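In: Give me a model of this one.
(chains A and B)
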Amino acid sequence: MRRTTVVLLSVAGLLAGCLGQVRDADPTRNADATDVTLTITANAVAGGKNARGADWIANWVIPRFTEAQRAKGVRATVRFEQNGAGDEDFKTKVALDFKTGGGGDVVELDGIWLGEFAQAGQVEPLDDIVGAGEVDAWDGWRQIPDAVQDLGEFGGRRYGVPMGTDGRVLFYNKELFARAGLPIDWQPRGWDDVLDTAAKLKALPGVWPLQLNAGTAMGEATTMQGVLPALLGTGTAVHENGKWQGATPGVRDVLSLYRRVYRDGLGDPVLQQEAKGRDRSFALFAEHRIGILLESDYFWRSVVEPRAGVARMADRDTAVGWALIPARAPGAGVGGQDFVSTSGGGVRVINPNTRYPRQAWELMKFLNSAEAVKSALAGAAQVTQRADVNDEVLAGDPMLGFIADRVLPITRYRPGLADYPKVSAALRQATADVVAGRSPDDAARSYHDALVAAVGADAVAGG
Amino acid sequence: MSAGDRDPAGLGTPRAIGLVAPALLLIGLFLAFPALWALYIGITDYQLTGPAAAEPRVVGLDNFATALDDALFANSLRLTALFVLGSAVVGQNALGFALAWLLRGVRPVLRRAVEGVVLLAWVLPGPVVAYLWFAVLSRDGGTLDLLLGRPGTAWLVEYPMASLVVFNTWRGTAFSMLLYTSALAAVPPSQLETARLAGAGGWRTVRDVVFPHIRGHVLTNTLLISLWTANDFTPFLLTAGGPNHESEVLPVLIYRQALDSGRLGYASAMSTLLLVGNLVVALVYLRLLRRRA
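Out: This next block holds a predicted model:
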């Protein structure tokens, strides 16, 4: 028996050793290698999710970069690890990759994950991986506005290069609006406006008037394209004065809004509870069966995009309209705003485990060069990280122009804190409760308790 | 005493050890090590990302205490019990036996055909079966809606557990059917004949003549399919535990805690509890079996 204990303890010790591995960063590792293999990991796949980005990496980045390196006497092989997963699944995959010392050399992440990965030591500051001199010397930084650079920073240090940002609006179907006798040039001034319009759309058979992401199955989409913009519309940010919003009046208002949408038959409560509900909501919108949908400009660029979108809409350009998300009432939004939005954005990081830090940085600079960024757009509408590219491509595209001119000035970013995912999960659960029939007050109480359990009573406001 | 008496099978010889060692090594590598690893992670606050991923702390039995106090864990425990009882103990067992019993007297050609079709459900990979049932249970032109004339019924959302029970029953029935077919072949035909002559009906024959003969098979089968069902992850593909945790059986809860919420330590503790639960169930069955022997 004693021997068993000794064996168990030594195995446990061994395991403990494995958990706390520490890596030594060495920016000069393989700096002079002439035969180099690099891998790019992204949540993009040819013919599927973010198809445009996938095609760009495969058909533009890899051949051009290889060619440019050959001119310098370096034989570079670039692999592209494609993924077509849900955002949460992709995050899990990358975290597991990093944890086990694997993963691509250059990895595309959602900016909101950066803090968590940084705190886990799974990504490290660019200065440590590549060397401060190399990083500072890049002329691309001057083209990236400070606000956008924030996306790639954590704790005051640069971890990655932002890939651009986005903004959220209310997309609506002009064709359905016309059929319901509503003006197709629409801009609601408050929540009641939206709900009244939705009530009129209800007259159309086979159409759900409004889709406001809710529940746990939708993942972060519920928070980012639902709760947070609504919460900003009540005048409060989810993290204010060092505290998370618990069962505050703002949160209660938001849950009451959910109740009005899903218990008054304006939105489809079943859709919010399906395992693949978000994908289905995209398909329904593309089939002209959803009237109003709160989404990021990603929806326009990659979902209903007529050629490569995941839920293509041949008549997108004529049928889809967009409007600013109104605060609960004019002036009631955060900072006294009439309209609100939330923004996020992607970041490219270099894997600290890379065998070729210098060459990975070369690739990173290449990916973020003006020429590359412009080529990635392939003539489509997207706010990029580079001011010089934006100046050139912003002109002439109404949707892109709207996001850049009207949405970005009023938008808010999520707090890049390690506790954010727990808060987000609790908010999703609260909306799931309301959709399932619990009263907003009841759901708010449970939410508050869950939040206190997750982050501690000191960090929670309201009650 | 001669050497042969002490070690009649020659297990202590170098040759025997050499033969057993690779198997032991594999068991150690692929079973014992991961199990110990999971046990160890279960007593830490290890996370997928964030500060606790860099420096996990040993927190003793905190995770186990949290689990036992967690309403979601209790909910999943109840759902798992329901899933096992409904789809394995009752569903697969009863349907499998009924099929085996009914196919006894059928002509061999026809019997093989039926068995082949049923077996297909068993050999199809889980994700394939899940997508198949997705099409059946969907509210958007799903087969079941069409058959019942109830368009727009989202079975997976409105009756998630019932859907899962039907799905798993369908999937696993073939195994029970095959097992019972071979078990029934061992029942002496003379006894069945006697029962028939004595005028016993089908039910009485099964209860009084057949069952005592195949009791061991029933127990073994029930044990196996219960454990498989308790550890089955395919429900995730159908409902992802939703809506609102209504079909969140334990493997799904564990997955969500580990990989959605990143709480690896907590999830490991819950898997350990699931393992203990499985062991207890197995012990109960084995005891019943031995009592019979």
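
In: nearest spatial neighbour of A:Ser85, skipping sequence neighbours?
Out: No, residue A:85 isn't Ser; it's Ala. A:Asn43 (6.2 Å; Cβ to Cβ, 6 or more residues apart in numbering or on different chains). For glycine as for every other residue, the C-beta is placed from the backbone atoms N, C-alpha and C.

In: residues contacting the one you found?
Out: A:Asn43 makes contact with A:Lys49, A:Asn50, A:Asn83, A:Gly84, A:Ala85, A:Asp87, A:Phe90, A:Glu108, according to Cβ atoms under 8 Å, 6 or more residues apart in numbering or on different chains.

In: State the pair within those that is farthest apart.
Out: A:Gly84 and A:Glu108 (13.4 Å; Cβ to Cβ).

In: Compare these two and say which is more crowded by neighbours.
Out: A:Glu108 (23 against 17; other Cβ atoms under 10 Å in any protein chain shown).

In: Can you get me a residue count around whatever residue of chain A ends up closest to chain B?
Out: Scanning chain A for the residue nearest chain B gives A:Gln273, at 3.0 Å (criterion: Cβ to the nearest Cβ). Residues contacting A:Gln273 under the criterion other Cβ under 10 Å number 27.

In: give me phi/psi at it?
Out: Per-residue torsions, A:Gln273: phi -110, psi 0 (degrees, to the nearest 10).

In: A:Ala275 now?
Out: Dihedral angles (degrees, to the nearest 10) for A:Ala275: phi -60, psi -30.

In: quick one, what contacts the closest residue to it other than its chain neighbours?
Out: Nearest residue to A:Ala275 in three dimensions, chain neighbours excluded: B:Ala240, at 3.9 Å (Cβ to Cβ, 6+ apart). By Cβ under 8 Å, 6+ apart, the contact set of B:Ala240 is A:Ala217, A:Ala275, B:Val252.

In: Also A:Ala58?
Out: A:Ala46, A:Phe80 are the contacts of A:Ala58 under Cβ under 8 Å, 6+ apart.

In: Identify the contacts common to A:Gly84 and A:Glu108.
Out: In contact with both A:Gly84 and A:Glu108: A:Asn43, A:Ala44, using Cβ under 8 Å, 6+ apart.

In: Report pLDDT for the residue of chain A closest to chain B.
Out: A:Gln273 is assigned 91 on the pLDDT scale.

In: Run through the helices of the stretch 301-450 of chain A in chain order.
Out: A:316-319, A:357-367, A:370-377, A:387-393, A:398-402, A:420-435, A:440-455 (DSSP state H, counting those that start in this stretch).

In: need the residues of the stretch 51-200 of chain B near chain A, please.
Out: Proximity of the stretch 51-200 of chain B to chain A, by Cβ under 8 Å from any Cβ of the partner chain, involves residues B:Pro51, B:Ala53, B:Ala54, B:Glu55, B:Pro56, B:Val58, B:Arg139, B:Ala154, B:Leu156, B:Val157, B:Glu158.

In: what's the neighbour count on A:Asp32?
Out: Count around A:Asp32 with other Cβ under 10 Å applied: 7.

In: For B:Thr143, see how far away it is.
Out: 63 Å (Cβ to Cβ, to the nearest Å).

In: What of A:Thr39?
Out: 43 Å.

In: out of these two, which sits in the busier spot?
Out: A:Thr39 (19 against 13).

In: Can you name the residues that contact that one?
Out: A:Val78, A:Arg79, A:Phe80, A:Glu81, A:Gly104, A:Asp105, A:Val106.

In: I'd like to know which of the residues you listed are part of strands.
Out: A:Val78, A:Arg79, A:Phe80, A:Glu81, A:Val106 (DSSP state E).

In: Closest to B:Gly265 out of the residues you listed?
Out: Closest to B:Gly265, out of all of the ones in strands among the contacts of A:Thr39 and judged by Cβ to Cβ, is A:Glu81, at 28.7 Å.

In: contacting residues around that closest one?
Out: Per Cβ under 8 Å, 6+ apart, neighbours of A:Glu81: A:Thr39, A:Ile40, A:Thr41, A:Ala42, A:Gly104.

In: And the pLDDT for it?
Out: Reported pLDDT for A:Glu81: 96.

In: hang on, the earlier thing: return the residues in contact with the nearest residue to the residue of chain A closest to chain B once chain neighbours are set aside.
Out: Nearest residue to A:Gln273, sequence neighbours excluded (Cβ to Cβ, 6+ apart): B:Pro243, at 3.0 Å. Applying Cβ under 8 Å, 6+ apart to B:Pro243 gives the contacts A:Gly215, A:Ala217, A:Gln272, A:Gln273, A:Glu274, A:Ala432, A:Ala436, B:Val157, B:Pro160.

In: Ok, B:Pro188 next?
Out: B:His213.

In: That one and chain A, how far apart?
Out: In this structure, B:Pro188 and chain A are 48 Å apart, going by Cβ to the nearest Cβ, to the nearest Å.

In: go on, B:Pro151?
Out: B:Pro151 is 12 Å from chain A, by Cβ to the nearest Cβ.

In: Could you count how many residues lie near the nearest residue in space to that residue that is not next to it in sequence?
Out: Nearest residue to B:Pro151, sequence neighbours excluded (Cβ to Cβ, 6+ apart): B:Asp145, at 5.2 Å. When neighbours are defined as other Cβ under 10 Å, B:Asp145 has 19 of them.
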